[in-house]
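A.B. asks: model the structure of this input:
(one chain, ligands or ions: 1)
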Amino acid sequence: DLYNLRQLGPDTKVHGVIGKPIGHSKSPHLYNAAFRSVNFNGIYLPLLVDNVANFINAYSSPDFVGYSYTIPHKEDGLRCCDEVDPIAKAIGAISQMIRRPTDGKMIGYNVDYLGAIAAIEEALRASNGASPATTSPLAGKLFVVIGAGGAGKALAYGAMEKGARVVVANRTYEKAKELASKVGGQAITLAELENFHPEDGMVLANTTSVGMKPNVDLTPLPKNALSRYCLVFDAIYTPKLTRLLREAQEVGAIPVYGTEMFINQAFVQFERFTGYPAPKQLIRDTLVKNS
Ligand code: ATR
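C.D. replies: Coordinates of the predicted model:
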């Protein structure tokens, strides 16, 4: 039922999500259901991949048309593209790769930042009671990103693009420094972040895996350090309510779930995979059903 095997044929377009591990991924449920709903002749597989370059070379047939990328392959994926979208290049990581029909070349994109930033802006607008305006509610805000990997870069560049003042906090300080310098921001260590309270109304985004199932008792920042944030986003989506988000809520901050980033970027990926408008409600419902 998940893969609609009866409809497989010589014209079926093959897609998948490349990662390691991959068993927890909801993407196959999401895209197979969405493909079916618009009668798109495609299949979407979980792909447990060790070496991205070997995989891409081995599956070079034109029927293998598109991939999503997840931990830990978003940076390797970029190196395996024939061409890379400029924003993905600046971020240094891709989350989607599409085979261009005209010449078979693989083109890389980063859609993570679009999904996360859209979800955060929407939550801020809703809490301000403001109507959607042309200026971003992130403009001028202090925006703290925990982590400096692929997702950390995506959030940092996305926040910078919206006019936020970016702070990058990372376990490995050197990586924080490198990213902060690229987005014109400040770098701090995770230990420093615990005593970082310059102003009220800050936004926090966790992009590390700290708190991900099965380590649900962990949190990247203790509750007593959360009081000056107005909104906390966690890129983790298993579990939906991480310890970080639960404690953020307890101190009065707006929680933005990783599922929202995933839902918003899924709309973009679906449209690029198929050329059809995304069935938004179905994508939301499928995700809820499988969480
Ligand atoms: P992604 O593409 O999802 O961002 P990644 O590129 O592997 O994944 O990046 C993982 C990020 O989470 C890094 O910033 C990493 O910190 P380091 O640069 O110090 O490695 C951070 N991270 C992972 N596990 C962590 C942990 N247990 N504690 C703190 N930070 C952690």
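A.B. asks: residue ranges of the strands in this protein, please?
C.D. replies: Per DSSP state E, the chain carries strands over the ranges 13-19, 42-48, 64-69, 83-84, 96-99, 106-109, 142-146, 165-170, 186-189, 202-206, 229-234, 254-256.
A.B. asks: any chance of those in CSV, plus distance to the ligand, mean neighbour count and mean pLDDT?
C.D. replies: (Glycine included, C-beta is placed from N, CA and C.) Shown next, in CSV, are the strands of the chain (distance: least, CB to the nearest ligand atom, whole Å; neighbours: other CB atoms under 10 Å; pLDDT from 0 to 100):
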stretch, distance to the ligand, mean neighbour count, mean pLDDT
strand 13-19, 10, 22, 97
strand 42-48, 17, 20, 97
strand 64-69, 9, 24, 98
strand 83-84, 16, 16, 98
strand 96-99, 14, 22, 98
strand 106-109, 14, 21, 98
strand 142-146, 7, 27, 98
strand 165-170, 5, 26, 98
strand 186-189, 10, 18, 98
strand 202-206, 9, 26, 98
strand 229-234, 12, 24, 98
strand 254-256, 17, 21, 98
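A.B. asks: quick check: Ala248 touching Arg228?
C.D. replies: No. Ala248 is not in contact with Arg228 according to CB atoms under 8 Å; the separation is 11.3 Å.
A.B. asks: give me the more crowded residue out of the two.
C.D. replies: The neighbour comparison of Ala248 against Arg228 (other CB atoms under 10 Å) goes to Ala248, with 27 against 16.
A.B. asks: and that one, what's its pLDDT?
C.D. replies: pLDDT for Ala248: 98.
A.B. asks: over to the one 10 residues further on?
C.D. replies: Here, the pLDDT recorded for Gly258 equals 93.
A.B. asks: burial of the nearest residue to it once chain neighbours are set aside, as a residue count?
C.D. replies: Of all residues beyond its chain neighbours, the one nearest Gly258 is Tyr237 (3.5 Å), with distances taken as CB to CB, 6 or more residues apart in numbering. For Tyr237, the count of nearby residues is 20 (other CB under 10 Å).
A.B. asks: same check on Gly23?
C.D. replies: Close neighbours of Gly23, defined as other CB under 10 Å, add up to 8.
A.B. asks: not counting sequence-adjacent ones, nearest residue to it?
C.D. replies: Closest residue to Gly23 apart from its sequence neighbours, by CB to CB, 6+ apart: Pro46 at 7.0 Å.
A.B. asks: ok, the residue in the chain that the ligand sits nearest to - contacts?
C.D. replies: For the chain and the ligand, the shortest gap (CB to the nearest ligand atom) falls at Gly149, measuring 1.9 Å. Contact partners of Gly149, counting by CB atoms under 8 Å, 6 or more residues apart in numbering, are 74-75, 93, 175, 207-208.
A.B. asks: need the phi and psi values for Ala278.
C.D. replies: Dihedral pair for Ala278: phi -70, psi 140, per degrees, to the nearest 10.
A.B. asks: once you drop chain neighbours, what's closest to Ala151?
C.D. replies: Nearest non-adjacent residue to Ala151 (CB to CB, 6+ apart): Thr207, at 3.8 Å.
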